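Colleague: Next one to model:
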Amino acid sequence: MALGDFNEIMWDTEKEGRGKRSEWQMEACRSAVENADLHDLGFTRPKFTWERGNTEISSIRERLDRAATNRAWMGKFSHFLVRNLACSYLDHYLLLVTTERAKAERRCLFAKRKQVLEAIWANEHDCKSIVAEAWANGDNKTMRRRLQWTRNRLYVWGKEKFQG
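Modeller: Prediction:
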């Protein structure tokens, strides 16, 4: 398990504030994690784990801290939860990984998130195919029905692909 300050964001959605991170820097971080056969374990709120600046203009917030592990660990500890904990004397949040009694909490968190398209999915070929299929085969369907079908298919696909 790799746990702590990765010193880089992986996606542009993991940053708020001045200055835009270059794609090559984020890609380098994603590649390093992928090459190590690690998988991000996600988190509970708050989204950002590091911040600097005390005004709206100068404030920068990023998700630099994360927990990542391999599939073997995920198989051994199938019920886990990563919490971001505020710490008054550090500019980083603390990470707490729990493996006991997390099943119900994790299920609840995923149920709340099932309506959301995760940013990471958009780069996956399968995701694009599911969306294309929803709109290509929707001759008789209303807009609402197409969106529901797409959402349900993406939810099942995302759960299988990213949660094993």
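Colleague: from here on, contacts and neighbour counts on C-alpha atoms
Modeller: Noted.
Colleague: Is the residue nearest in space to the middle of the chain in a helix, a strand, or coil?
Modeller: What sits nearest the mean C-alpha location of the chain, by C-alpha atoms, centre = their mean, is G42, with 5.1 Å. Secondary structure assignment for G42 (DSSP: H, G, I helix; E, B strand; the rest coil): coil.
Colleague: Spatially nearest residue to N7, not counting backbone neighbours?
Modeller: What sits nearest to N7 in space, not counting adjacent residues and going by C-alpha to C-alpha, 6 or more residues apart in numbering, is L64, at 5.4 Å.
Colleague: whoops, I mixed them up, N70
Modeller: L38 (4.7 Å).
Colleague: since we're on the one you found, how many residues are nearby?
Modeller: L38: 18 surrounding residues under other C-alpha atoms under 10 Å.
Colleague: What of E124?
Modeller: With other C-alpha under 10 Å as criterion, E124 counts 10.
Colleague: Tell me how far A86 lies from H92.
Modeller: From A86 over to H92 the distance is 8 Å, taken as C-alpha to C-alpha, to the nearest Å.
Colleague: Which of the two has more residues huddled nearby?
Modeller: H92 (22 against 15).
Colleague: Dig out what the more buried one forms beta bridges with.
Modeller: For H92, the beta-bridge partners under DSSP bridges are W50.
Colleague: Identify the residues contacting it.
Modeller: By C-alpha atoms under 8 Å, 6 or more residues apart in numbering, the contact list for H92 reads 49-51, 65, 86.
Colleague: try E34
Modeller: E34 sits next to no residue when contact means C-alpha under 8 Å, 6+ apart.
Colleague: For the residue nearest to the centre of the chain, which non-adjacent residue is closest in space?
Modeller: Per C-alpha to C-alpha, 6+ apart, closest to G42 is V82, 6.6 Å.
Colleague: mind checking the backbone torsions on the one you found?
Modeller: phi -110, psi 120 (degrees, to the nearest 10).
Colleague: my guess is it meets R45, correct?
Modeller: No - taking contacts as C-alpha atoms under 8 Å, V82 lies outside contact range of R45: 9.5 Å.
Colleague: Compare neighbour counts for those two and give me the winner.
Modeller: Neighbour count, other C-alpha under 10 Å: between V82 and R45, V82 has more, with 19 against 11.
Colleague: I appreciate the help and will end here.
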